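A.B. asks: Sequence below, structure please.
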Amino acid sequence: MRLGCVILDERSLTPAAADGVIRTMLAEDVERIEFLFRPRMLRIYTREFMRTMLGGGIELAVPTYVDMARPPFCT
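C.D. replies: Below you'll find the model as predicted:
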């Protein structure tokens with residue numbers, strides 16, 4: 001099964017952008033990875049984003065995935 005969408009630090013990426021980011025991202029920069037919706041959605045959080053979030057500057061969004069949309073809609 002292929003991923004329908006990739007979310008990086010609460011921003012949706014196009015497939016091309018996601019491929020480039022994932023290939024060049026250093027493992028030590030990644031704090032958390034979530035596969036959601038059987039795994040059609042990939043959410044990646046960087047260490048910097050998590051520090052900001054834990055400091056009270058950001059709240060995580062409730063994950064949403066709509067497969068019937070083309071391309072799939074996700075947040």
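A.B. asks: Please enumerate the helices of this structure.
C.D. replies: For the chain, the helices defined by DSSP state H occupy 15-24, 47-54.
A.B. asks: how close does the residue nearest to residue 29 when sequence neighbours are not counted get to residue 66?
C.D. replies: Distances taken as Cβ to Cβ, 6 or more residues apart in numbering place residue 46 nearest to residue 29, at 5.3 Å, with adjacent residues excluded. All C-beta atoms are positioned from the backbone trio N, CA, C, and that covers glycine. From residue 46 over to residue 66 the distance is 25 Å, taken as Cβ to Cβ, to the nearest Å.
A.B. asks: Looking at those two, which has the bigger crowd around it?
C.D. replies: Higher neighbour count among residue 46 and residue 66: residue 46, with 16 against 12, using other Cβ atoms under 10 Å.
A.B. asks: so that one makes contact with residue 31?
C.D. replies: Yes. With contact defined as Cβ atoms under 8 Å, residue 46 and residue 31 form a contacting pair (6.1 Å).
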